[in-house]
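Peer 1: Just a sequence and a predicted model for now, questions to come.
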Amino acid sequence: MSSELQTTDVAIIGAGPVGLFAIFECGMLKMRCQVIDSLAVIGGQCAALYPEKPIYDIPGYPKVMAQELIDRLAEQAAPFEPVYHLGQAVTALQPSDGGRWRLTTEKGTEIDAAAVIIAAGCGAFGPNRPPLAGIEDYEGRSVHYLVQRREDFRDKRIVIAGGGDSAVDWALSLAELAAKIYVVHRRPKFRAAPESVDQLHRLAESGKLELVIPYQLAALSGSAGQIDKVTVADLEGNEKDLPADVLLPFFGLSMNLGPIAEWGLNLDHHHITVAPSSSETNAKGIFAIGDIATYPGKLKLILSGFSEAAMAAHAIRPLVYPDEELHWEYSTTKGLPQTA
Ligand SMILES: Cc1cc2nc3c(=O)[nH]c(=O)nc-3n(C[C@H](O)[C@H](O)[C@H](O)COP(=O)(O)OP(=O)(O)OC[C@H]3O[C@@H](n4cnc5c(N)ncnc54)[C@H](O)[C@@H]3O)c2cc1C
């Protein structure tokens, strides 16, 4: 975290696929970017919701895993040296001097920018936390709301809590490499796809994982960020302890348009309306791209967001370089900046 005022050409709210590509497009026009995301990792929906699912409609990639797409986009943006501020939602956006804008995050980071690109998807992502005393002491070390790399869980004793698709899918996936898996759910019935639920029961019968139902999470214990057991309780309050190294609570992600709705931008059903030729909002210097932006005929696809990123970058350039005319060049002609 930094409470000191940062200055940049473009502040990008949201490090989803579209925000990441905007760094590249701005970079190609010599504009520096700082990127803020409420999640602790980059990648937006791709990383948070479906990292290991294949995407088939990215031009040039007949098939690409969502996390791989994010890794490639980050690599493509890297030569332009973006500054990332992760794990902090932007809470305020206010006019600054000379037509610039000032952003403030929930951690007190302040960024002054010539232009702002809002690439905030459906709003700030945050996990629905189980109400367990002291859980924040373990978050990021032994309590995780997202699985980024399966390998991190090899040979671990894992408690998975929840009854939906994420809980069931990750139980099936991690059962191959974990030392032990408990699946804790407060109802006997799971809400996941019936085929996956059948597979879960088959694995439980074969002893590869243990279903702890109907139970709910009651307490955690451990030290220095590392849990050693998870206590669960049934509906009568009878408790039992599950020895564990990791807790994965999957109670969904909340998405919150939150403060964005209060920034005076024209909205249409929780989306920001923009001019389709530039992605500019009704406020000069503020642009919206990707899932959060809407205009007649909008397709909520990653590839539309990429095109909107290019249009926004071109529309922003005269704000950053008011006295310089843009000489149009293809990337093949211009090449990339020299990196260290
Ligand atoms: C299961 C699934 C499968 C999909 N398959 C496809 C597919 O095959 N092809 C396709 O084109 N699309 C697909 N999509 C849709 C695609 O993922 C979205 O269109 C894409 O992620 C939109 O990218 P984005 O960058 O606009 O927003 P997002 O990916 O939603 O990222 C927005 C980011 O902004 C952050 N943010 C929001 N508000 C704030 C704030 N105030 N402060 C800080 N950070 C903030 C969020 O935390 C988030 O990380 C799929 C979606 C899902 C859920």
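Peer 2: Received the coordinates, thanks. Residues are numbered from 1 along each chain as shown.
Peer 1: Leu172 belongs to a strand?
Peer 2: No. Counting by DSSP: H, G, I helix; E, B strand; the rest coil, Leu172 is not part of a strand but helix.
Peer 1: can you pull the contacts of it?
Peer 2: When the contact criterion is CB atoms under 8 Å, 6 or more residues apart in numbering, the partners of Leu172 are 196, 199-200, 203. (C-beta placed from N, C-alpha, C; glycine too.)
Peer 1: any idea which helix or strand carries Ser254?
Peer 2: strand 253-256 (DSSP states H and E).
Peer 1: how about that strand, does it reach the ligand?
Peer 2: No. Contact of strand 253-256 with the ligand (CB under 6 Å from any ligand atom) is absent, the minimum separation being 7.5 Å.
Peer 1: what do you get for stretch 275-294?
Peer 2: Yes. Judged by CB under 6 Å from any ligand atom, stretch 275-294 and the ligand are in contact via 290-291.
Peer 1: From the contacts of Leu172, which land in helices?
Peer 2: Applying DSSP state H to those, the entries found in helices are 196, 199-200, 203.
Peer 1: Looking at those residues, spot the one nearest the ligand.
Peer 2: Nearest to the ligand among those is Ser196, at 14.6 Å by CB to the nearest ligand atom.
Peer 1: Which residue comes closest to that closest one once chain neighbours are left out?
Peer 2: If the residues on either side of it in the chain are set aside, Ser196 comes closest to Val168, at 4.8 Å by CB to CB, 6 or more residues apart in numbering.
Peer 1: Please tell me how far that neighbour sits from Gln199.
Peer 2: Going from Val168 to Gln199 by CB to CB, to the nearest Å gives 8 Å.
Peer 1: can you give me phi and psi for the residue nearest to Ser196?
Peer 2: With angles defined as degrees, to the nearest 10, Val168 sits at phi -70, psi -50.
Peer 1: cool, Val116 as well?
Peer 2: Dihedral angles (degrees, to the nearest 10) for Val116: phi -130, psi 130.
Peer 1: what about it, how many residues close to it?
Peer 2: For Val116, the neighbour count with other CB atoms under 10 Å is 24.
Peer 1: on that earlier part again, same list, the ones in helices among the contacts of Leu172, but as JSON lines with pLDDT and distance to Ala119 please.
Peer 2: Formatted as JSON lines, these follow (pLDDT from 0 to 100; distance: CB to CB, whole Å):
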{"residue": "Ser196", "pLDDT": "94", "distance to Ala119": "32"}
{"residue": "Gln199", "pLDDT": "96", "distance to Ala119": "37"}
{"residue": "Leu200", "pLDDT": "97", "distance to Ala119": "36"}
{"residue": "Leu203", "pLDDT": "95", "distance to Ala119": "39"}
